[in-house]
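Novice: coords please:
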Amino acid sequence: MKLLLGFAPFHPPTSPPYGLACLKGALGEACPEVAVQLADFNIAFFRRWLLGDPPHLCDLHPRHLLGQVCPNLLVEDGQGRSMWEGLTTLPTHSGGADGYMEAAILFDALYGVLRGYLGTCLGPWVERRCQLDAKLVDGLFGPELSQIQETAPDVLGLSVLAEQNLLYSLALVRAAKERLGVPVLLGGALMSHLDASELLTAFPWVDFVFRGEAERSLADFVALWSGGARTGDEGAWRTVAGLAFRAGDGEPAPCGAPEPPDFASLPFADFGDFPLADYLAPAPVLPIATCRGCYWGKCTFCSHTLPFAPGVRLRSAERVVAEMQAHAHRHGVRHFLFVDEAIAPRTLRAVTDELLERDLDFRWGA
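Specialist: Got it, this is the predicted structure:
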């Protein structure tokens, strides 16, 4: 079996997607016979706009840019490359810091224009209120569709981290389903905030939805697919906790409660498929986590813990630092970002004590 897992815009392209790297690490141990390829469509999208040959949106769909500047004008005459270089160079003096901030402001403007244009353009298509011209689909998704076709996966999955990733993800998988006929699954943190049955009803090109932490459930899914199960195989998919799917009659079958993995002993995340030197940061920064869930867990307004099992599950400081060392050895990175929902001061003390004990010159943020 060949599985392609991707991460779509819109997300600041400063570091690789952590969730996909965790899934690949887990699948590498649970299903070593399965070929798992990761694709960061988000960073490729922004590289195309700043360094490549982006489509002229005012030509593809002019009415969506009435009264606005076509974003191509922001990147022509080398401005795109100037932005890229400004954001990937570490400032060493006040003039450099000013250049970095100017590049950041310009990038934010481009980010906003592109997100607004694509939202206006793709929203009605995703909601099945209109059709898109084939030329527009090619202009917007041609590189992604070419990569998917070249990979030729048995299943295409997209990780949807937050609301700003949802529209582009739904549009991309619709284009992939209509052009290539590939089965489609959605996962990621946002899926735990939405009703999976409603997603399957509203977007008929989506075949499967994963809720919660998917290291175990995706491995179960892959094993069943490798054994011959296919879309519509109701009996097989009902055994996968946390998976919503279409039954044999085409109606959505709701998922049960996902089974959380033992986070403390999960394999290390695998970032090997990502172009770490291409991200918009002066040096590669890798995400890492010390726990899942929240040690406090009492805030009534907070929904960040929905993708996780109740409570908090910790990894030892020794294992966290061992993973940092493994990434440093494999990728040459020295910068890390803790992406926990919440980190107890006790945990940070233990991690930093371990870094000092091992005499490691790493830089980190949280």
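Novice: tell me which residues of stretch 315-328 are tucked away?
Specialist: Across stretch 315-328, burial judged by 16 or more other CB atoms under 10 Å covers Arg315, Ala317, Arg319, Val320, Val321, Glu323, Met324, His327, Ala328. In this view, the C-beta of every residue, glycine as well, is placed from N, C-alpha and C.
Novice: and Asn337, what does it touch?
Specialist: Actually, residue 337 is Leu. It isn't Asn. By CB atoms under 8 Å, 6 or more residues apart in numbering, the contact set of Leu337 is Ser15, Val285, Leu286, Pro287, Ile288, Trp364, Gly365, Ala366.
Novice: again, only using 7 Å
Specialist: Contacts of Leu337 were listed using CB atoms under 7 Å, 6 or more residues apart in numbering, and they are Ser15, Val285, Pro287, Gly365.
Novice: Now intersect these with the helices, please.
Specialist: Applying DSSP state H to these, no entry is found in helices.
Novice: By neighbour count, which of the residues you listed wins?
Specialist: Among the contacts of Leu337, Ser15 has the most neighbours (other CB atoms under 10 Å), with 23 neighbours.
Novice: Give me the spatial nearest neighbour of that one, chain neighbours excluded.
Specialist: Using CB to CB, 6 or more residues apart in numbering and skipping the chain neighbours, the partner closest in space to Ser15 is Val285 (4.7 Å).
Novice: what's near enough to touch that neighbour?
Specialist: Thr14, Ser15, His335, Phe336, Leu337.
Novice: distance of it from Arg292?
Specialist: Per CB to CB, to the nearest Å, Val285 is found 20 Å from Arg292.
Novice: same question, Leu280
Specialist: If you go by CB to CB, the gap between Leu280 and Arg292 works out to 27 Å.
Novice: need the contact list for Gly212.
Specialist: Counting by CB under 7 Å, 6+ apart, Gly212 has contacts Ser192, Gly242, Pro258, Pro260, Pro307.
Novice: ok, 6 Å please
Specialist: Contact analysis of Gly212 by CB atoms under 6 Å, 6 or more residues apart in numbering lists Ser192, Gly242, Pro258, Pro307.
Novice: is it fair to say the third one lies in a helix?
Specialist: So that's Pro258. No: if the criterion is DSSP: H, G, I helix; E, B strand; the rest coil, then Pro258 is coil and not within a helix.
Novice: Next, count neighbours for it.
Specialist: 22.
Novice: Let me know whether it touches Val240 as I believe.
Specialist: No: Pro258 lies out of contact with Val240 (CB atoms under 6 Å); the separation is 9.2 Å.
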